Every structure is written in structure tokens, then in C-alpha cells.
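Visitor: what would the 3D arrangement of this be:
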Amino acid sequence: MAEKQSSQKLAIMRTALANQRTYLAYTRTGFAVVALATKYKSLIVILVGMLLITLGVYQYYTIAVDLENNLHRLPN
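Guide: Alright, predicted model coming up:
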């Protein structure tokens, strides 16, 4: 029989899954921008795509670590 989970634990799980989706969206968009920029040989656009990928990775790991350490922050 399935064990009942608390509302807070379910909210943390939803947040972790949303964090993963956001990370994947940043990464996918960054790679698409880099690929498009490579086709047109635009260094600035390649850097923007790489910045998107880097920001996505940073945001993902920051939120993941906060969730693991029970440091829940509400946005202002």
C-alpha cells in the first residue's frame, strides 16, 4: 500500500521537477541558438547561446542544492 506523503514533501518534489524542466529548456534553447549561430558564423550569438546554457546549469544546481539542504526561499 502506498504511503501518504506530506503536502510539503510533494511541493518539494514538484519544485524539483519544475527545476529540471527549466534546466532542460535553457539547455535546449542554448544549443539551438549555438547551432543557428554556427550556421551563420556569428560569434556574438554563439556566446549568447553558451551564456544561456551556463545560466541554466547554474540555476539548476543552485536550486537543487537548496532543495537538498531544506533552504526554501520565496521570491520577492
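Visitor: only C-alpha atoms from now on, for both contacts and neighbour counts.
Guide: Fine.
Visitor: what mean pLDDT does stretch 17-30 have?
Guide: Averaging the model's pLDDT scores along stretch 17-30 yields 91.
Visitor: show residues contacting that stretch.
Guide: For stretch 17-30, the surrounding residues in contact (C-alpha atoms under 8 Å, 6 or more residues apart in numbering) are 48-53, 55-57, 59-60, 63-64.
Visitor: run the last query once more with 6 Å
Guide: For stretch 17-30, contacts defined as C-alpha atoms under 6 Å, 6 or more residues apart in numbering pick out 49, 52-53, 56, 60.
Visitor: repeat that for stretch 35-44.
Guide: 45-46.
Visitor: now do the same end-to-end measure for that stretch.
Guide: Stretch 35-44 stretches 13 Å from its first residue to its last (C-alpha to C-alpha, to the nearest Å).
Visitor: returning to what we had before: so of the contacts of stretch 17-30, which ones are in helices?
Guide: Within these, membership in helices is found for 49, 52-53, 56, 60, as judged by DSSP state H.
Visitor: noted, bye for now.
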